[in-house]
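In: Sequence and predicted model, in that order:
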Number of protein chains: 2
Amino acid sequence: MNSIIITIGDELLIGQVENTNASWLANQLYSLGIEVKKYITIHDDKEQILRTLKFAEQNSDIVLITGGLGPTNDDITKLCLCEYFDTKLKFDEKAYENIKELFAIRGFEVTELNRNQAFLPEACKPVYNNCGTASGMWFEKLSENNSKKIFISMPGVPFEMKEMFEQIAIKLQNNVLTGAMFHKTVLTIGMGESFLADFISDWENSLPENMQLAYLPQPGIVRLRLTAKGNKKNDLIADVNHEINKLQKIIPDLIFGYDDDRLEKIIGDLLIKNNFSLSCAESCTGGNISHLITSVQGSSKYFKGSVISYSNEIKIKELNVKKEVLEKYGAVSEQVVRQMALGIREKYNTDFSIATSGIAGPGGATDTKPVGFTWIAVACHDKVVAENFFFGEHRGRNIQKASVVALNMLRKILLKLLSEKK
Amino acid sequence: MNSIIITIGDELLIGQVENTNASWLANQLYSLGIEVKKYITIHDDKEQILRTLKFAEQNSDIVLITGGLGPTNDDITKLCLCEYFDTKLKFDEKAYENIKELFAIRGFEVTELNRNQAFLPEACKPVYNNCGTASGMWFEKLSENNSKKIFISMPGVPFEMKEMFEQIAIKLQNNVLTGAMFHKTVLTIGMGESFLADFISDWENSLPENMQLAYLPQPGIVRLRLTAKGNKKNDLIADVNHEINKLQKIIPDLIFGYDDDRLEKIIGDLLIKNNFSLSCAESCTGGNISHLITSVQGSSKYFKGSVISYSNEIKIKELNVKKEVLEKYGAVSEQVVRQMALGIREKYNTDFSIATSGIAGPGGATDTKPVGFTWIAVACHDKVVAENFFFGEHRGRNIQKASVVALNMLRKILLKLLSEKK
């Protein structure tokens, strides 16, 4: 079973609005086992819409359409669908009740424009909108070769579309779906994409035929997505997990999580479970590590705070870095980053601390310390671990990479400590 | 002049990665006066790629392609382009130098997989990648009806693509474009989109026919993009500026910049010019304000550092917030945020300071202090200004909004001080 997603709207094609619907829908369809062959984004233009509907009918089983259902004149999707299915508009009492109710809640009278939204094509089954005035539409059609094609039209407003898709998903599951698909993503850190591809190539080449691997890099992180297609979902889950078990033996140190796991959330869970607290002393990362940590809800339970020590003066005064050490080795040095980690841990009285010092760039490089050169330290009760890295030339990415690498150092130390405890 | 954007990648079609490239590119093309007729997103699948290239050639003047240029086996765009243009791969010395240099900076040897990225189609003009190993490609072709078609292939990694498009835009401007278009974006803060639309509706309705206004909201910010089309660019520039001058008189306090201006950069420029220094005491924003400030290159010249005081203990110990005040009024209060601002300014010995304390959510709300309730203070030599805000229910957006609003408070105070000085 496959699909094509058509997103309609002038605002999308001038880049005024991010086209988030298509990827959200794709993700939902994918987890229903429906392959998405293509997204197509087009203008609110009759000819283009009709041509694209035809193309999609010829090339897929299910056509999902978002957008162009608003009350104003520039929204023409409904009229195009009428023409495409050679049907007429008919007043739908339930859709109108829905619109009236929404307006009543907001304390407004229904306008003529919005009343018109209750007219729906006779040939469709309406899908009522619980969050807005535009109804969705479900069409079925026998195509030239006698195969059943399904067309689903939904509003373009993301939260309306998402809510409506819950109804659609149930309808699809009950009426349409066969076959199964399963995917799982392995999250790795510590090796670049091409090195990793080399390193696991034997494993990749031995994957069964119904499985596909994709590399999805992010700053500091490479995600490996394994997809299996077949008949029974349970079999696929077992097969994928079997392959991932093999991978775990090849790169045990690089894997930090799966699917939607986030490093900062994983660390948070470890800290909270063991009643540990955390503080940071950030120089080159400038607050980004603290920002990541505190983006997790409930982080106040383990995160006490940080010192962002952008100047040497603050490193000395607030983190107890020795002036002589700073002068002798420079701010971006093992000696300084160790003292920073120890300094903040003691001062903020936490179990763990993270410290960073590096040349984020573009200025500040020296002969021996290029842009991207970074020291990171993690301190706990009995030791300080420090490592250095060469990230790259791009300031923003250097900050991102240093942040995830630092969080990962903490994760590893936490895991080691917890395994020793057992 | 029109275009079709093709984005290639399995990861896009299962919704694992947001397709941000298409809308970013559309926005850039739009500002160059190039209409985008369509986006098409397809799999890393040879047949589909070739068919879509053909379709795009027949239906547009410029075909922009992103993705599928990575070193791994699943990336096949380059080979498809070779087949489409009936050309062969040839080793490109300059592309290889580029790859070697990138690897040298990171301290690695070039792998075979990455060396292969230096092989480029003979028929293309390479566009070198300043941020990664995959070169871009520029192809020209005379189509069946003798019109010139341009194909541009770029990497899918957003920051590589964006950097590369700067080179492409210049090439397009010099070689391809005719007619004129000009746009300017007014950046506003302090009024929501729909209120702002009401407030400036008379001005909007009086805009000349060749001008269009678009609202582009972001957390805390509304961007107003004014676009003019015509024959002479200089006339358009004058016309747009004339309209913006009128707008400035209507909402003088809401406008903080234009086009790509960033609040944190504007503040940085003001601080540096006047030799002022800055520190922060962040609670609810958890380091994000410091992160924004230090994302600006050269920020170490004015930014000394911050205390992220996530716990009350740190507020008391490190920021000199009085324990009685904390107990009486709570951490999210005018009294506490004022003391935080004063405390950090004195401790870090800076001219200015910013402090935040709020309920980021989803936990922590009380009857009188809902999620999103936030106090922000800015301190300078002779005063502390504090304001409270109700942002919303979403943790991530609350952090973003509080950060830009805080930066904007500092900007206003700086401007007032500097105007009084004159």
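Out: All right, it came through fine.
In: Apart from its chain neighbours, what residue comes closest to residue A:127?
Out: Spatial nearest neighbour of residue A:127, chain neighbours left out: residue A:136 (3.4 Å); criterion: C-beta to C-beta, 6 or more residues apart in numbering or on different chains. Every residue, glycine included, has its C-beta placed from N, CA and C.
In: Help me confirm that the one you found comes into contact with residue A:151.
Out: No - contact criterion C-beta atoms under 8 Å: residue A:136 and residue A:151 do not qualify, at 10.8 Å.
In: For the stretch 1-150 of chain A, what lies in contact range of chain B?
Out: A:11-20, A:22-30, A:36-43, A:48 (C-beta under 8 Å from any C-beta of the partner chain).
In: wait, is residue A:369 part of a helix?
Out: No - applying DSSP: H, G, I helix; E, B strand; the rest coil, one finds residue A:369 to be coil, outside a helix.
In: For it, grab the count of nearby residues.
Out: A count of nearby residues for residue A:369, using other C-beta atoms under 10 Å in any protein chain shown, gives 19.
In: thought it was touching residue A:329?
Out: No - with contact defined as C-beta under 8 Å, residue A:369 does not reach residue A:329; the gap is 10.7 Å.
In: returning to what we had before: so the residue nearest to residue A:127 versus chain B, what's the distance?
Out: Residue A:136 sits 20 Å away from chain B, taking C-beta to the nearest C-beta, to the nearest Å as the criterion.
In: same question, residue A:418
Out: For residue A:418, the distance to chain B - C-beta to the nearest C-beta - is 23 Å.
In: swap in residue A:307?
Out: 6 Å.
In: Give me the secondary structure label for that residue.
Out: Under three-state DSSP, residue A:307 comes out as strand.
In: and if you look at residue A:5?
Out: strand.
In: ok, now which ones touch it?
Out: Listed by C-beta atoms under 8 Å, 6 or more residues apart in numbering or on different chains, the contact set of residue A:5 reads A:21-22, A:25-26, A:29, A:36, A:38-40, A:64-66.
In: partners of it in the sheet?
Out: Residues in a beta bridge with residue A:5, per DSSP bridges, are residue A:39, residue A:64.
In: Now name the helix or strand holding the spatially most central residue of chain A.
Out: For chain A, the residue nearest the mean C-alpha position is residue A:260 (7.3 Å; C-alpha atoms, centre = their mean). In this structure, residue A:260 sits in neither a helix nor a strand according to DSSP states H and E.
In: measure it to residue A:184 for me?
Out: With distances taken as C-beta to C-beta, to the nearest Å, residue A:260 is found 11 Å from residue A:184.
In: Now for these two: what residues contact both?
Out: By C-beta under 8 Å, 6+ apart, no residue touches both residue A:260 and residue A:184.
In: What is the three-state secondary structure of the residue nearest to residue A:130 when sequence neighbours are not counted?
Out: Take residue A:130 and drop its neighbours on the chain: the residue closest to it by C-beta to C-beta, 6+ apart is residue A:163, 5.6 Å away. With three-state DSSP as the basis, residue A:163 sits in helix.
In: quick one: low-confidence ranges for chain A?
Out: When residues are selected by pLDDT under 70, those of chain A lie in A:16, A:105-107.
In: list the contacts for whatever residue is furthest in space from the centre of chain A?
Out: Farthest-out residue of chain A from its mean C-alpha position, per C-alpha atoms, centre = their mean: residue A:324, at 45.4 Å. Contacts for residue A:324 (C-beta under 8 Å, 6+ apart) come out as none.
In: now swap in the one 5 residues further on and tell me
Out: Residue A:329 sits next to A:335-336 when contact means C-beta under 8 Å, 6+ apart.
In: which of the residues in stretch A:234-243 are buried?
Out: Residues of stretch A:234-243 classed as buried: A:236, A:239-240, A:243 (neighbour count, 16 or more other C-beta atoms under 10 Å in any protein chain shown).
In: and if you look at stretch A:97-105?
Out: For stretch A:97-105, by 16+ other C-beta under 10 Å, it's A:98-100, A:102-103.
In: now the residue farthest from the centre of chain A, what's its secondary structure?
Out: helix.
In: Can you give me the distance of it to chain B?
Out: In terms of C-beta to the nearest C-beta, residue A:324 sits 21 Å off from chain B.
In: which is the next helix or strand following the helix or strand hosting residue A:12?
Out: According to DSSP H and E, residue A:12 maps onto helix A:10-13. Downstream of helix A:10-13, the next assigned helix or strand under DSSP H and E is helix A:20-31.
In: Measure how buried residue A:78 is and give me the count.
Out: 21.
In: Could you check which helix or strand contains it?
Out: helix A:77-84.
In: who touches the helix or strand just after that helix?
Out: Counting by DSSP H and E, the next helix or strand C-terminal to helix A:77-84 is strand A:89-91. Residues from elsewhere that reach strand A:89-91 (C-beta under 8 Å, 6+ apart): A:78, A:82, A:118-122.
In: and the two most separated of these?
Out: A:82 and A:118 (14.6 Å; C-beta to C-beta).
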